[in-house]
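K.L.:
Sequence plus predicted model, see below.
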Amino acid sequence: MNTQDKIYIAGHRGMVGSAIVRRLRKDGFTNIVTRTSKELDLKEQQAVRDFFVLEKPDHVVLAAAKVGGIHANNVYRAQFLYENLMIESNIIHSAYEHGVKKLLFLGSSCIYPKMAPQPLKEESLLTGLLEQTNEPYAIAKIAGIKLAESYRRQYGCNFISAMPTNLYGPNDNYDLNNSHVLPALIRKFHTAKVSGAPSVEVWGTGSPMREFLHVDDLADACFFLLQNYDEEMFVNIGTGVDLTIKELAEMIKDIVGYTGELKWNTEKPDGTPRKLMDVSRLHNLGWKHRIGLREGITAVYAEFAKSELGRP
């Protein structure tokens, strides 16, 4: 990539897309094309085609997606499957039609079978049953990987895919109805601290293990792959280190400074028992994460506490 190349970031307002825009600008890439969802509905094929005709991007990063936590994934199953399939199909096909030099599709660690051997290797894809609560979203993301792979095989497109682990960072979603576990815990503990609540309810048993990557590290990995990776096999992006949800909750409780009690609602689902990424492929390419979990959460909480949501 050259700094003058035109790069389209689909989903630039989201946590991932905005981090990638920041990372590109840091290295002098200023020819970045974006559209809000109001300006361009990525579910509409003709609208996406018209956009590619108009803008003719050299590179595309597909970070746009319909996303949410366990509850949202489980309740809005048709919506998650339909919207994600439409978004990725329209962008990938238009990128092919208009001769995009390189496309990076971003998936999710939920693509792996529920009981796949840990840590999760790229080769484990499609070797077993998916976790039921987010199966539609996972299937959509698997379809995106296979689209990129198939357009590469049939048409010779330089389309690559990367699978991030659980993410957190600036522009995260703190809506308790559809957020992921880490931002939800930050908001719950902060609200309880400000209101003086004696306890905080956390879903599940606390025993599942999860890995978390700061979104700025993800953006740096994507920047690295755009410049250095041109192979068919998708690449895991993570830290290679995990912890239990109980350990995470206690860490966030400590960072927030909440002194009340933790109450585990064991009637709520745990989700997949463990989702640790095997990141040896990425490490062997020469990239490793830099931001430690406690360091990252501390910075994120400081931002949240100053935000509108964090004010008493």
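P.N.:
Sure thing, it's come through. Note that the coordinates shown come from a computational prediction; the quantities given were computed from them, not determined experimentally.

K.L.:
is it true that residue 236 lies in a strand?
P.N.:
Yes - applying DSSP: H, G, I helix; E, B strand; the rest coil, one finds residue 236 inside a strand.

K.L.:
does it really touch residue 285, like I thought?
P.N.:
No - using CB atoms under 8 Å, residue 236 makes no contact with residue 285, being 11.1 Å away. (C-beta placed from N, C-alpha, C; glycine too.)

K.L.:
These two: which is more packed in?
P.N.:
Using other CB atoms under 10 Å, the more surrounded residue of residue 236 and residue 285 is residue 236, with 25 against 16.

K.L.:
ok, how many other residues are close to the spatially closest residue to that one that is not a sequence neighbour?
P.N.:
Nearest residue to residue 236 in three dimensions, chain neighbours excluded: residue 277, at 4.3 Å (CB to CB, 6 or more residues apart in numbering). Neighbour count of residue 277, defined by other CB under 10 Å: 27.

K.L.:
So which residues of the protein form helices?
P.N.:
Residue ranges of the helices in the chain, as given by DSSP state H, are 15-26, 45-55, 70-75, 77-97, 135-155, 181-195, 215-228, 245-256, 280-285, 293-306.

K.L.:
residues of stretch 154-173 that come out buried?
P.N.:
By 16 or more other CB atoms under 10 Å, the buried positions in stretch 154-173 come out as 157-169, 172-173.

K.L.:
quick revisit: ranking the helices of the chain by mean pLDDT, which is last?
P.N.:
Lowest mean pLDDT of those: helix 70-75, a mean of 75.

K.L.:
Now that helix - C-alpha only, PDB.
P.N.:
Output of helix 70-75 as PDB, limited to C-alpha atoms (Å, rounded to 0.1, in the frame of the first residue of the first chain):
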ATOM      1  CA  ILE A  70     -25.000 -13.500  23.800                       C
ATOM      2  CA  HIS A  71     -28.500 -12.000  24.300                       C
ATOM      3  CA  ALA A  72     -28.700 -10.100  21.000                       C
ATOM      4  CA  ASN A  73     -27.200 -12.900  19.000                       C
ATOM      5  CA  ASN A  74     -29.700 -15.400  20.400                       C
ATOM      6  CA  VAL A  75     -32.800 -13.200  20.100                       C
END
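
K.L.:
thinking again about what came up before, how close does the residue nearest to residue 236 sit to residue 234?
P.N.:
The gap separating residue 277 from residue 234 is 12 Å, by CB to CB, to the nearest Å.

K.L.:
before we move on, the earlier item: could you say which one of the helices of the chain comes nearest to residue 112?
P.N.:
Judged by CB to CB, the one of the helices of the chain that comes nearest to residue 112 is helix 135-155, at 8.2 Å.

K.L.:
hmm, back to that, looking at the helices of the chain, spot the one closest to residue 119.
P.N.:
Closest to residue 119 of those, according to CB to CB: helix 280-285, at 8.5 Å.

K.L.:
what does that closest one contact?
P.N.:
Helix 280-285 has contacts (CB atoms under 8 Å, 6 or more residues apart in numbering) with 122, 221, 224-225, 228-229, 233, 235-237, 240, 288.

K.L.:
Next: stretch 89-100.
P.N.:
10, 42-45, 48-49, 51-53, 56-60, 62, 64, 103, 105, 143-144, 147-148, 151, 155, 157, 159.

K.L.:
cool, stretch 32-42 as well?
P.N.:
6-10, 12-13, 21, 24-25, 47-48, 51, 55, 57, 64, 86-87, 90-91.

K.L.:
Drop anything exposed from those residues.
P.N.:
Members of those classed as buried by 16+ other CB under 10 Å are 7-10, 12, 21, 24, 48, 51, 57, 64, 86-87, 90-91.

K.L.:
now residue 10, nearest residue through space, not along the chain?
P.N.:
Nearest one to residue 10, counting by CB to CB, 6+ apart, is residue 64 at 4.0 Å.

K.L.:
That neighbour touches residue 87, doesn't it?
P.N.:
Yes - if you go by CB under 8 Å, residue 64 and residue 87 touch, sitting 5.5 Å apart.

K.L.:
Find residues that contact each of those two.
P.N.:
Counting by CB under 8 Å, 6+ apart, the residues touching both residue 64 and residue 87 are 10, 42.

K.L.:
residues shared between the contacts of residue 277 and residue 234?
P.N.:
residue 163.

K.L.:
Roughly how far does residue 199 sit from residue 189?
P.N.:
11 Å.

K.L.:
between the two, which one's more packed in?
P.N.:
residue 189 (24 against 11).

K.L.:
how about that one, what does it touch?
P.N.:
Applying CB under 8 Å, 6+ apart, we find residue 189 in contact with 200, 252-253, 256, 258.

K.L.:
10 Å instead, please
P.N.:
The contact partners of residue 189, by CB atoms under 10 Å, 6 or more residues apart in numbering, come to 197, 200, 202, 249, 252-258, 260, 262, 301.
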